[in-house]
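Student: structural data only, the sequence is not supplied:
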Ligand SMILES: [Zn+2]
């Protein structure tokens, strides 16, 4: 009896151990545990949350007051009032606005190399006298540092996704460029181009640096001048082969009408890419061309600060919007010398108001906030992942501190974001749930070293400029 009992007890103990081991081994498959994919972060009692999802809150931007955002790992888990998560790290949100990070749909990050360069030139002079000579003289290491500098500026300004339009860089320069983007922690779309003989290097770069990085996506790039007629045809062919979008510059300068670039887009098959064709600028379009672009569902990158700096002209934004075109905002690199999305929104609104003497013209405050977030995400084909605080989307979230000398008091916070806010109001930046700016400071930035190296390069690079 004793023996039996002892054996029974041993078996009981054994089953208990086996049971514990099995339970431990299977714990990821239990429904409760399967949802735990990373640490919990609770932003509590935020004074205003702008979700950009009408199903989550009030008005066209889906706003909530004194509410919470729960982030789990890389994902937005819940948005609402009185959320609880006992194990979560908590950030107090009083006096703060929480919203999705900004999406910059058109930039050239290496161009921080020559900020302030050719300050009295239009785009054609700027390209000839600054951009081209400096770009050709810069080393891969200098391109890395310049891109790194721009990414720090983007993070500082609350931008969480950037489309970086690169030129026909040599493969080692392109690699330095995309390495700096990867090191930044930002979500990014790399736009790159090669001639036919270099296409294997392009595909290799895409495999090594884009396809393996969940924060990265790829675009092909091209010009739309008469000289690029053959190249754009090749890029359209490649875009169809690789199933990636094509991103081009279109009618930035009035003289570019001479090449009839919309016809080039038509003839090359680029227009047929539809929503997979992203055109930057598109200032000097005819009415018939606006209708044609809208018919194909082409996407537009509007860069108002750049258009002002280079005297390019004023885009007919209300006509583009009423034709049904989707328009996002871009910062356009050295052609505006900053990555400040608040200034860019202000300029997008201000240019149209000044041109029409109508304060109710497109874009309104609501519309420009959408352009800088959810519409930008849509234009880059990323709206299923980012652009709003919809639960299930990636946690690309920013927090703005409104209790500052430049921002308070609270009158109309949505309007204040557009007309009053500055990058200094950006207190927290999360990309994929990871903090890149905390307590108003960029995390792990290495800024001083980057600036030292760039400052010692500018002397040599300035000598390469044509005067
Ligand atoms: Zn550009």
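Tutor: That came through, no problem. Predicted, not measured: the structure shown is a model, and the values here were computed from it. Numbering: from 1, shown residues only.
Student: quick one: low-confidence residue ranges for the stretch 1-150 of the chain.
Tutor: By pLDDT under 70, the weakly predicted segments of the stretch 1-150 of the chain are 1-37.
Student: where along it do the strands fall?
Tutor: When assigned using DSSP state E, counting those that start in this stretch, the strands of the stretch 1-150 of the chain occupy the ranges 40-50, 63-72, 75-80, 89-92, 96-100, 102-107.
Student: any chance of TSV for those strands, columns mean neighbour count and distance to residue 114?
Tutor: The C-beta positions use only the backbone N, C-alpha and C, and glycine is treated the same way. Shown next, in TSV, are the strands of the stretch 1-150 of the chain (neighbours: other C-beta atoms under 10 Å; distance: least, C-beta to C-beta, whole Å):
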stretch	mean neighbour count	distance to residue 114
strand 40-50	22	36
strand 63-72	21	38
strand 75-80	20	38
strand 89-92	14	38
strand 96-100	25	31
strand 102-107	30	15
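Student: residue contacts, the residue nearest the centre of the chain?
Tutor: By C-alpha atoms, centre = their mean, the chain has its centre lying nearest to residue 161, at 2.2 Å. The contact partners of residue 161, by C-beta atoms under 8 Å, 6 or more residues apart in numbering, come to 101-104, 186-189, 376-377, 380, 382, 386, 396.
Student: if we use 6 Å, what do you get?
Tutor: Applying C-beta atoms under 6 Å, 6 or more residues apart in numbering, we find residue 161 in contact with 103, 187.
Student: what helix or strand does residue 348 sit in?
Tutor: helix 341-356 (DSSP states H and E).
Student: run the chain-centre distance for that helix.
Tutor: How far helix 341-356 lies from its chain's middle: 20 Å, per C-alpha atoms, centre = their mean, to the nearest Å.
Student: residues in contact with it?
Tutor: With contacts defined as C-beta under 6 Å, 6+ apart, helix 341-356 is touched by 102, 157, 159, 304-305, 314, 317, 329, 359, 361, 363, 368, 372, 418, 421-422.
Student: tell me the helix or strand right after it.
Tutor: helix 365-371.
Student: and that following helix, what does it pack onto?
Tutor: If contacts are counted by 3 or more C-beta pairs under 6 Å, 6 or more residues apart in numbering; DSSP states H and E, helix 365-371 sits against strand 326-329, helix 341-356, helix 413-419.
Student: partners of the shortest one, with directions?
Tutor: Pairing partners of strand 326-329, with direction, according to DSSP bridges: strand 299-302 (parallel).
Student: and the helix or strand following the strand it pairs with, what does it pack against?
Tutor: Per DSSP H and E, the first helix or strand lying C-terminal to strand 299-302 is helix 304-309. Contact analysis of helix 304-309 by 3+ C-beta pairs under 6 Å, 6+ apart lists helix 341-356 as its packing neighbours.
Student: surely residue 281 touches residue 252?
Tutor: Yes: using C-beta atoms under 6 Å, residue 281 is in contact with residue 252, at 4.0 Å.
Student: quick one on the thing from earlier: reformat the helices and strands packed on helix 365-371 as CSV; add mean pLDDT and mean neighbour count.
Tutor: Shown next, in CSV, are the helices and strands packed on helix 365-371 (pLDDT from 0 to 100; neighbours: other C-beta atoms under 10 Å):
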stretch, mean pLDDT, mean neighbour count
strand 326-329, 98, 24
helix 341-356, 98, 20
helix 413-419, 98, 18
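Student: in JSON lines: those, plus distance to residue 140.
Tutor: Output for the helices and strands packed on helix 365-371, formatted as JSON lines (distance: least, C-beta to C-beta, whole Å):
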{"stretch": "strand 326-329", "distance to residue 140": "30"}
{"stretch": "helix 341-356", "distance to residue 140": "28"}
{"stretch": "helix 413-419", "distance to residue 140": "38"}
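Student: which of the ones you listed sits closest to residue 244?
Tutor: The stretch from the helices and strands packed on helix 365-371 with the least distance to residue 244 (C-beta to C-beta) is strand 326-329; that distance is 17.5 Å.
Student: thinking again about what came up before, can you list phi and psi of the residue nearest to the centre of the chain for me?
Tutor: Backbone geometry at residue 161, expressed as degrees, to the nearest 10, gives phi -130, psi 130.
Student: can you name the residues bridging to it?
Tutor: Beta-bridge pairing for residue 161 (DSSP bridges): residue 103, residue 187.
Student: and the gap between it and residue 400?
Tutor: Taking C-beta to C-beta, to the nearest Å as the measure, residue 161 falls 17 Å from residue 400.
Student: that older thread, now the strands of the stretch 1-150 of the chain in a markdown table, with distance to residue 215?
Tutor: What follows is these, written out as a markdown table (distance: least, C-beta to C-beta, whole Å):
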| stretch | distance to residue 215 |
| --- | --- |
| strand 40-50 | 18 |
| strand 63-72 | 16 |
| strand 75-80 | 14 |
| strand 89-92 | 22 |
| strand 96-100 | 15 |
| strand 102-107 | 13 |
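Student: how near is the closest residue in space to residue 192 that isn't next to it in sequence to residue 375?
Tutor: Distance criterion C-beta to C-beta, 6 or more residues apart in numbering; nearest residue to residue 192, sequence neighbours excluded, is residue 166 at 5.1 Å. Residue 166 sits at a distance of 23 Å from residue 375 (criterion: C-beta to C-beta).
Student: biggest separation within the contacts of helix 341-356, which pair?
Tutor: Farthest pair in the contacts of helix 341-356, by C-beta to C-beta: 159 and 359, 27.2 Å.
Student: so which of these two has more stuff around it?
Tutor: residue 159 (30 against 9; other C-beta atoms under 10 Å).
Student: got the contact list for the more buried one?
Tutor: 102, 104, 341.
Student: out of the residues you listed, who's nearest residue 146?
Tutor: residue 104 (16.2 Å).
Student: which residues of the stretch 351-467 of the chain fall in strands?
Tutor: Remark: strands assigned in the stretch 351-467 of the chain by DSSP E, counting those that start in this stretch are 397-401, 426-431, 434-438, 441-442.
Student: residue 116 is nearest to which of these?
Tutor: strand 441-442 (21.9 Å).
Student: quick one: mean pLDDT for the closest one?
Tutor: Strand 441-442 carries an average pLDDT of 97.
Student: sheet partners, orientation included, of it?
Tutor: Going by DSSP bridges, the partners of strand 441-442 are strand 434-438 (antiparallel).
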